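>>> what follows is a protein structure lacking sequence information:
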């Protein structure tokens, strides 16, 4: 009746007395108002949006309002249905005819606009709020943070403090994501400690994440170690921090520590553990983690992480098995498998899978086309690569980016089409980076184009005067061309700038222990026996036609000791150690920090045939699978 009596001043303005009498009679009926409200409430809680909106229209005609909780249910219904126009209609209704919505209801509207990505509408509503609490401020800060409007998020946090509103754990979790400078994180960290929220799970996790994002892993570890951790969220954050920064050893140590502390593995921790195994290229460790993934068999994110791990650790058959068993596959699954096949020397199979994806899979994206062009590059498929590159915009709506141009430079460079590579450079819509120039420089080394090599090396050294690879490649090109004065000049420049060539290193996992080898290294406890067996093996290979290729001595600027230096390259030592410790049926898997040289590549092919072994060597670019005297790269690397 209160709602009805409030309408009487408006009824007096109606010109028709008979209409007034009729309308007053209708509105004075308590059954109609009560029934209308009951129907509206029922529709809102049942999420029947069309009927709820019709009831809302009737309520407006009868000047009837519901309670804030019911309206909040209607707003949630609009959000769930993606009904933007209906949500705006509710907004108009609750601010009409003097109705004063409660703060919590306005916060619900604010959240709706944010979820609809209508930040300007949210901002207008926020500014009109008669009272703003911590939820109001946090909603806006989180919205700006999620939209990468970092400066606005930080400014809002400052305004919030000035208005005397105390931030909570969700506020700090949101604003920390917007920090781009370490100084801002430090100030927020101090504020968190003053307020007493440093032990909160969400705040600690956000601090670890942002320190990690800024490359401050020790600070992240300090936050983690400040107190006993009794929540898996914080464990997941610190494990993920090290895994994302390719510190696989520390990530796996923390993962094992978490398990020993009694925490069960979940999607987040297992994904990070798999990423750590991937960065270390440790297939056996990845297989151990796989055991814990089995109970999450239908988890798409974990299956994609497994797929990536097996592809990048050289376990191609396992990767194929997982891919074929996956009930759900997204564009990441297909792209990972295509790139994995290409990286492991199965370029034709990768392109066949791409054709299958086009007919029965999701629409290819930017990364998919990188994998396709990578496959063409490493198989020397020039015409196919040019077709995919020039048609990607028309067929898939994808503009070529740095990675695509990089693959094309590699493709043209490998094929000796250096003039076409230069033409492509001049047509590029993005500036060349160090990786692209180095790709061109390496092609110049293969095809002995000294002038273009000199240009590429100078461009690299403009961007990074300490780039060791540019000096090494340029020196090798000069040496192959017998330009010894230029070789000496390059070396003088290296010495003057304090640049030293990174020593080649190869490693192998035997009995869950990593064994590393370098040229001339004496630290391994079995090095004498390894050298003895290596010499015996080389003698056997020479008897069947192996001739060490002394041209590749030039790859080691400070270690040119003739054929003898070739004999003790790190991958040869690792291969022999694998033969000594692995049964014949087990694959010998070796990691390497530098690209494999031609002599070691030939050595590995002949050993694989002579010893009837499967040898896999992972260099920084790709996997080489050696079997029966052949390599998966078809000698095109």
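That came through fine. Every value quoted in this text rests on a predicted model; they were computed, and no experiment measured them.
>>> quick one: buried residues of stretch 60-75?
Buried residues in stretch 60-75, counted by 16 or more other Cβ atoms under 10 Å: 62-66, 68, 70-75. Where C-beta positions appear, they are placed from N, C-alpha and C, glycine not excepted.
>>> what comes into contact with it?
By Cβ atoms under 8 Å, 6 or more residues apart in numbering, the surrounding residues in contact with stretch 60-75 are 3, 6-7, 10, 27, 32-33, 36-37, 40-41, 44-45, 49, 52, 56, 59, 87, 90, 93-94, 96-97, 99, 101-102, 104-105, 108-109, 112.
>>> now do the contacts for the residue lying closest to residue 417 once chain neighbours are set aside.
The shortest distance from residue 417 to any non-neighbouring residue, by Cβ to Cβ, 6 or more residues apart in numbering, is to residue 382 (7.1 Å). By Cβ under 8 Å, 6+ apart, the contact list for residue 382 reads 376, 411-412, 415, 417.
>>> kindly report the same for residue 372.
Counting by Cβ under 8 Å, 6+ apart, residue 372 has contacts 338, 342, 350-351, 354, 364, 388.
>>> tell me the secondary structure at the closest residue in space to residue 40 that isn't next to it in sequence.
Once flanking residues are discounted, residue 40 sits nearest to residue 55: 4.0 Å by Cβ to Cβ, 6+ apart. With DSSP: H, G, I helix; E, B strand; the rest coil as the basis, the three-state label of residue 55 is helix.
>>> check contacts around the nearest residue to residue 200 once chain neighbours are set aside.
Leaving aside its sequence neighbours, residue 200 sits nearest to residue 169 (Cβ to Cβ, 6+ apart; 4.4 Å). Residue 169 sits next to 197, 200, 202-203 when contact means Cβ under 8 Å, 6+ apart.
>>> filter the residues you listed down to the ones in strands?
Under the assignment DSSP state E, these contribute nothing to strands.
>>> out of these, which two sit at the greatest distance?
Greatest spatial distance in the contacts of residue 169: 197 and 202, 8.9 Å, computed using Cβ to Cβ.
>>> which neighbours do those two share?
Common neighbours of residue 197 and residue 202, using Cβ under 8 Å, 6+ apart, are 169, 172.
>>> so how far is residue 519 from the residue nearest to residue 40?
Going from residue 55 to residue 519 by Cβ to Cβ, to the nearest Å gives 82 Å.
>>> in terms of neighbours, single out the busier of the two.
More crowded of residue 55 and residue 519, by other Cβ atoms under 10 Å: residue 55, with 23 against 20.
>>> gap between the more buried one and residue 66?
In terms of Cβ to Cβ, residue 55 sits 9 Å off from residue 66.
>>> what do the two both touch?
If you check residue 55 and residue 66 against Cβ under 8 Å, 6+ apart, the residues they both contact are residue 40.
>>> pLDDT score for residue 509?
Reading off the confidence values, residue 509 has pLDDT 87.
>>> who touches residue 497 in this structure?
Listed by Cβ under 8 Å, 6+ apart, the contact set of residue 497 reads 465-466.
>>> do the same with residue 36
Contacts of residue 36 by Cβ under 8 Å, 6+ apart are 55, 58-59, 62, 64.
>>> count of neighbours near the residue nearest to residue 381 when sequence neighbours are not counted?
Closest residue in space to residue 381, ignoring its immediate chain neighbours: residue 347 at 7.0 Å, by Cβ to Cβ, 6+ apart. The local packing of residue 347 (other Cβ under 10 Å) involves 26 other residues.
>>> for residue 347, give me the backbone phi and psi.
The phi and psi values for residue 347, taken as degrees, to the nearest 10, are phi -60, psi -40.
>>> ditto for residue 517
With angles defined as degrees, to the nearest 10, residue 517 sits at phi -130, psi 140.
>>> check contacts around it.
With Cβ under 8 Å, 6+ apart, residue 517 has these contacts: 505-507, 524, 570-571, 573-574, 577.
>>> in JSON lines, list those along with distance to residue 137, secondary structure and neighbour count.
Output for the contacts of residue 517, formatted as JSON lines (distance: Cβ to Cβ, whole Å; DSSP: H, G, I helix; E, B strand; the rest coil; neighbours: other Cβ atoms under 10 Å):
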{"residue": "505", "distance to residue 137": "52", "secondary structure": "strand", "neighbour count": "17"}
{"residue": "506", "distance to residue 137": "55", "secondary structure": "strand", "neighbour count": "27"}
{"residue": "507", "distance to residue 137": "52", "secondary structure": "strand", "neighbour count": "21"}
{"residue": "524", "distance to residue 137": "60", "secondary structure": "coil", "neighbour count": "16"}
{"residue": "570", "distance to residue 137": "58", "secondary structure": "helix", "neighbour count": "23"}
{"residue": "571", "distance to residue 137": "59", "secondary structure": "helix", "neighbour count": "28"}
{"residue": "573", "distance to residue 137": "62", "secondary structure": "helix", "neighbour count": "27"}
{"residue": "574", "distance to residue 137": "58", "secondary structure": "helix", "neighbour count": "26"}
{"residue": "577", "distance to residue 137": "61", "secondary structure": "helix", "neighbour count": "25"}
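>>> would you format those as TSV with distance to residue 611 included?
Formatted as TSV, these follow (distance: Cβ to Cβ, whole Å):
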residue	distance to residue 611
505	23
506	18
507	20
524	21
570	19
571	15
573	15
574	14
577	13
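>>> how far away is the closest residue to residue 227 other than its chain neighbours from residue 301?
Leaving aside its sequence neighbours, residue 227 sits nearest to residue 199 (Cβ to Cβ, 6+ apart; 6.1 Å). Applying Cβ to Cβ, the value for residue 199 to residue 301 is 29 Å.
>>> what's the answer for residue 149, then?
Taken as Cβ to Cβ, the span from residue 149 to residue 301 is 27 Å.
>>> ok, residue 236 - contacts?
Residue 236 touches 205, 266, 268-269, 272, counting by Cβ under 8 Å, 6+ apart.
>>> now that we have the residues you listed, which one has the most neighbours?
Result: residue 272 is most packed of these (other Cβ under 10 Å), 27 neighbours.
>>> just to check, it is in contact with residue 235?
No - the criterion here is Cβ atoms under 8 Å, and residue 272 misses it with residue 235 at 9.7 Å.
>>> can you point out the buried residues in stretch 378-386?
Neighbour counts over stretch 378-386 (16+ other Cβ under 10 Å) mark 378-379, 381-382, 384-386 as buried.
>>> same thing with stretch 528-545?
Neighbour-count burial for stretch 528-545, counted by 16+ other Cβ under 10 Å, picks out 530-531, 533-534, 537-538, 541.
>>> quick one: distance of that stretch to the chain centre.
Mean C-alpha position of stretch 528-545 versus that of the full chain (Cα atoms, centre = their mean, to the nearest Å) differs by 44 Å.
>>> now do the same contact list for the nearest residue to residue 377 once chain neighbours are set aside.
Excluding its sequence neighbours, the residue lying closest to residue 377 (Cβ to Cβ, 6+ apart) is residue 411, at 4.1 Å. Contact partners of residue 411, counting by Cβ under 8 Å, 6+ apart, are 373, 376-377, 380-382, 385.
>>> out of those, which is nearest to residue 634?
Of all the contacts of residue 411, residue 634 sits closest to residue 380, with 8.0 Å by Cβ to Cβ.
>>> quick check: the closest one vs residue 124, distance?
Residue 380 sits 59 Å away from residue 124, taking Cβ to Cβ as the criterion.
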